[in-house]
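*Asks:* need a structure here:
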Amino acid sequence: MQTVKEKIQDMKEMRQAKAEAKAEEKAEKELAKARVEIAHEVRLAKEAEAAMDMHADKAIKRADAETEKYATRNAATNSAT
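*Replies:* Residues are numbered from 1 along each chain as shown. Below you'll find the model as predicted:
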């Protein structure tokens, strides 16, 4: 009778150990998934920042060109009079 109780107790402990291991594995998988998602979002943010910098540089160049064009016109108009 004692050995049956011991076997049942051993089976119960084994089930608990397996359940704990499975829960730990699930938590690790969720953490890994979160890390992948974070890395993806960081990459998207860096790409967006690079695109924003490119557009800002392009706007500055265009503004400089327009300012230069306007200054050239004013200089030509002022020297003609």
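
*Asks:* does Lys29 belong to a helix or a strand, and which?
*Replies:* Lys29 is located in helix 2-80, with elements delineated by DSSP states H and E.

*Asks:* state the mean pLDDT of that helix.
*Replies:* When pLDDT is averaged along helix 2-80, the result is 93.

*Asks:* look up how far Lys7 lies from Glu68.
*Replies:* For Glu68, the distance to Lys7 (Cβ to Cβ, to the nearest Å) stands at 91 Å. Every C-beta, even on glycine, is put in place using the N, C-alpha and C of the backbone.

*Asks:* I meant Ala56, not that one.
*Replies:* 73 Å.

*Asks:* count of residues packed around Ala63?
*Replies:* Applying other Cβ atoms under 10 Å, we find 10 residues neighbouring Ala63.

*Asks:* again with the one 4 residues further on
*Replies:* Thr67 is flanked by 10 other residues according to other Cβ under 10 Å.

*Asks:* likewise the one 10 residues further on?
*Replies:* Taking other Cβ under 10 Å as the criterion, the count of residues near Thr77 is 9.

*Asks:* can you check Ala75 too?
*Replies:* Ala75 is surrounded by 10 other residues when neighbours are defined as other Cβ under 10 Å.
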